[in-house]
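> dropping a prediction and its sequence here:
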Amino acid sequence: MPRRTKIVATIGPASSSPEVLERMILAGMDVARLNFSHGTDADHLARVETIRAIAKKLGRTVGILGDLQGPKIRVGKFRDTRIQLAAGDHFILDADCTLGDQQRVGLDYPELPRDVMAGDALLLDDGKIELHVDRVDGNEVHTTVIQGGVLSNNKGINRRGGGLTAPALTDKDREDIKLAARLQVDYLALSFPRSGEDVQMTRALLKQAGGHAQIQAKIERAEAIEALEDIIAASDSIMVARGDLAVEVGDAAVPALQKRMIRLARQMNRTVITATQMMESMISSPVPTRAEVSDVANAVLDGSDAVMLSAESAAGQFPVEAIAAMSRVCTEAEKQDTQILADYVTQDPVDQVEKAVARAVIHTTRNLKVTAIAALTQSGNTALLMSRADTNVPIYAMSQLEETQRKVTLFRGVYPVNFPHTTLGPAEIMAQAEARLLSLGAVKPGDLILLTIGEPIGLAGGTNTMKIIRIGQLHAR
């Protein structure tokens, strides 16, 4: 049984060489993440070209996820690059300051003084430093340090409980959407959305630029939790982005929110990535901590489609080892019975033919000893619907479209197979699908498989047939 949970790895200085990228793909990277917060357009283009060339050489399919920076609200720069703050210090966040010192620092978000008031708690550098707002005087936010530490250039600012009004898309993001379209990324992640409208705007801008990527909403604002169903409904996928979210809602609230988001995304037939600090210690260690192993395993057991590496693979010393470790943990966790994930799928109202076919497949796998599911697909949608129930039967998404093959790299338990078939009739297609699975070693003579197909053949969204096939019987006739 191949690993069902997918691995997303961020590409950066530690993982940009062809040699390392090849080892990462061989170790189990399913989707490569490009963080548009760092690097030039030329850097991203070179990485995409290299990844796709290596994947083709290896006979693998690797998806590309472009991640927009979003309105990261930050302090400005310091004259001496950093200062040391102690509890009780008075410190000013000054929108008019150019170079900071021990008393004040500038802001890259000049609207901050309008967004906060006396009594607010501001959290800097992912919550490492806490400031209490005493008063707002024009463009100055006067604060008292509650929790001190080293504060250096361009560290992020969050308001506990959310409420900062920065728009979801910055001017840089709008340019990066055009870049994503040029790169033909398969997924585009939107940072800090507050509503479904933010997602819809991103989709419209991407379409206008000629892109066709799936839109992924990163859930990392307190406001996003309040609008969770609206955001998921507008998206194709979500990311449980635990870093900024933990700062805004409190770290203790995140585990339960993670489970809720994963459950809701699956119920609404969306994919979901769990991310942030999953194997953080492997930035500098060749092995993960026991707590990190448990964290990854729990994300798998919760039903995540994918788990993600950030700095571990982008800037760490052991990017390949981190992927290999994550793969081992996922594989072991998947041995546990997760049949419960299918319950809400089998109870969900059937309002589409595709859903009815997917439901029939799920029911059949529960009652017959099925080795594999072959989903002949144009769009990948039927494979997605079937993957919402963790049946432990591998789903092979067989398509002639490279775009669809790369799209399904994020679907739990779904594996892309290049399968040109639009000019063939139904009988020839079934015979070739059987031969293809045999050539992959996915099945052997005598195995029972389920095949889904749309008739007439070649229409996207037209899956309307399920066939039960025993390997070898087609030729015997």
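Right, received. Where do you want to start?
> please make it C-alpha for all contacts and neighbour counts, starting now.
Will do.
> I'd like the next helix or strand past whichever helix or strand V136 is part of.
Element membership for V136, per DSSP states H and E: strand 129-137. Where DSSP H and E defines the elements, the next helix or strand beyond strand 129-137 is strand 140-147.
> return the helix or strand in this structure with minimum mean pLDDT.
helix 343-347 (a mean of 59; mean pLDDT, DSSP states H and E).
> following element in sequence after that helix, please.
Toward the C-terminus from helix 343-347 - assigned by DSSP H and E - lies helix 353-367.
> packing partners of the helix or strand following that following helix?
Using DSSP H and E, the helix or strand that follows helix 353-367 in sequence is strand 372-376. Where contact means 3 or more C-alpha pairs under 8 Å, 6 or more residues apart in numbering; DSSP states H and E, strand 372-376 is packed against strand 395-399, strand 448-454.
> tell me where the longest helix sits in the chain.
In the chain, taking DSSP state H as the definition, the longest helix is helix 41-58.
> chain center to the following helix or strand past it, what's the gap?
Going down the chain from helix 41-58, the next helix or strand is strand 63-67, by DSSP H and E. How far strand 63-67 lies from its chain's middle: 8 Å, per C-alpha atoms, centre = their mean, to the nearest Å.
> picking that back up, among the helices and strands packed on strand 372-376, which is the most enclosed?
Ranked by mean neighbour count under mean count of other C-alpha atoms under 10 Å, those are led by strand 395-399, which reaches a mean of 25.
> direction included, what does it pair up with?
With DSSP bridges as the test, strand 395-399 is paired with strand 372-376 (parallel), strand 414-418 (parallel).
> show me what the helix or strand that the first one is followed by is packed up against.
Towards the C-terminus, the helix or strand next in line after strand 372-376, according to DSSP H and E, is helix 381-387. With contacts defined as 3+ C-alpha pairs under 8 Å, 6+ apart, helix 381-387 has these neighbours: helix 353-367, strand 395-399, strand 414-418.
> just put the ones you listed in JSON lines and tack on mean pLDDT and distance to T463.
Formatted as JSON lines, those follow (pLDDT from 0 to 100; distance: least, C-alpha to C-alpha, whole Å):
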{"stretch": "helix 353-367", "mean pLDDT": "89", "distance to T463": "6"}
{"stretch": "strand 395-399", "mean pLDDT": "96", "distance to T463": "12"}
{"stretch": "strand 414-418", "mean pLDDT": "96", "distance to T463": "17"}
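> quick one: which of these is nearest Q102?
Q102 sits nearest to strand 414-418 of all those, at 54.1 Å, using C-alpha to C-alpha.
> so what's the residue count around the nearest residue to A55 once chain neighbours are set aside?
Spatial nearest neighbour of A55, excluding adjacent residues (C-alpha to C-alpha, 6 or more residues apart in numbering): T61 at 5.9 Å. Per other C-alpha atoms under 10 Å, the neighbour tally for T61 reads 25.
> for the one 3 residues further on, same thing?
Burial measure for I64: 29 neighbouring residues, criterion other C-alpha under 10 Å.
> equivalent analysis for A427, please.
10.
> helix or strand for it, which one?
With secondary structure defined by DSSP H and E, A427 is part of helix 426-440.
> if we can go back for a sec, turn the strands paired with strand 395-399 into a markdown table, columns for mean neighbour count and distance to S152.
Converted to a markdown table, these look like this (neighbours: other C-alpha atoms under 10 Å; distance: least, C-alpha to C-alpha, whole Å):
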| stretch | mean neighbour count | distance to S152 |
| --- | --- | --- |
| strand 372-376 | 25 | 52 |
| strand 414-418 | 24 | 44 |
